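In: let's see this in three dimensions:
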Amino acid sequence: MTTAEFELIVRQQQGMVYSIAYNFFNNVAVAEEVAQDVFLQLYENRRSVESHSHVIAWLRRATTHRCIDVVRHRSFHNEVQLDELPETHDDQPETDPLLQERLRRLVASLPETPRTVLILRYGEDMDAEEISRTLEMPVRTVWSHLQRGIALLKEKASRYLKEESRESIR
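Out: Model prediction:
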């Protein structure tokens, strides 16, 4: 892979890599750092790239593994960054930004593997077989993590709604 080909890959795939990392951490700075690390790793291994589809699969796998490594090797706290806070407007937004933020936090609270599988499935629109290849796990295991992750999200969301309704009664 030439330098020009590498630059093209970065331009074409940086959104995907960043999206996976951002959805995993819900943190701009950490997502940027992970994306930078993944592309550095790709540059260092550019001679082993076989094809365009191989690059995409490699980037997905490297990004998910890097996200897990970051969680395991440093104490990561899910911080709310100032640039991510919703702006106040007089207009009523079409969607509730607080609801989206709650969902992001619920997903971020899941264990590593179900969180990664859910992000790849719903954030990257990958099917179970693609996720299986990316994470190097059997397809049935991917389905188990999907089901477990969705069940955990439902449980956490229902607990949250019960707590919220109790507070509104007071």
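
In: show me what counts as buried in the lowest-mean-pLDDT helix or strand in the chain.
Out: Scoring the helices and strands of the chain by mean pLDDT, DSSP states H and E places helix 97-108 at the bottom, with a mean of 77. Neighbour-count burial for helix 97-108 flags 102, 104, 106-108 (criterion: 16 or more other C-beta atoms under 10 Å). All C-beta spots, glycine's among them, are computed from the backbone N, C-alpha and C.

In: could you point out which element follows that helix?
Out: helix 112-118 (DSSP states H and E).

In: avg pLDDT for the strand or helix carrying residue 42?
Out: If you go by DSSP H and E, residue 42 is part of helix 28-44. Averaged across helix 28-44, pLDDT comes to 90.

In: beyond it, next helix or strand please.
Out: helix 52-73.

In: list the buried ones in that next one?
Out: Buried-residue list, helix 52-73, by 16+ other C-beta under 10 Å: 55-56, 58-60, 62-68, 70.

In: mind putting those residues in CSV, distance to residue 35 and pLDDT included?
Out: Formatted as CSV, these follow (distance: C-beta to C-beta, whole Å; pLDDT from 0 to 100):
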residue, distance to residue 35, pLDDT
55, 15, 87
56, 15, 88
58, 14, 89
59, 10, 91
60, 12, 89
62, 10, 91
63, 8, 92
64, 12, 90
65, 13, 90
66, 9, 91
67, 10, 90
68, 15, 86
70, 12, 87
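
In: and of the residues you listed, the nearest to residue 163?
Out: residue 67 (28.9 Å; C-beta to C-beta).

In: separation between that closest one and residue 154?
Out: 24 Å (C-beta to C-beta, to the nearest Å).

In: ok, back up a step: for the buried residues of helix 97-108, could you give me CSV that also reports distance to residue 35?
Out: Shown next, in CSV, are those (distance: C-beta to C-beta, whole Å):
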residue, distance to residue 35
102, 25
104, 18
106, 23
107, 19
108, 17
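
In: out of the buried residues of helix 52-73, flag the one nearest to residue 26.
Out: residue 67 (11.5 Å).

In: OK, contacts around the closest one?
Out: Listed by C-beta atoms under 8 Å, 6 or more residues apart in numbering, the contact set of residue 67 reads 20-21, 24-25, 34, 116.

In: follow-up on the earlier one: now the angle from the helix holding residue 42 to helix 52-73?
Out: 130 degrees (axes from the mean of the first three to the mean of the last three C-alpha atoms, to 10 degrees).
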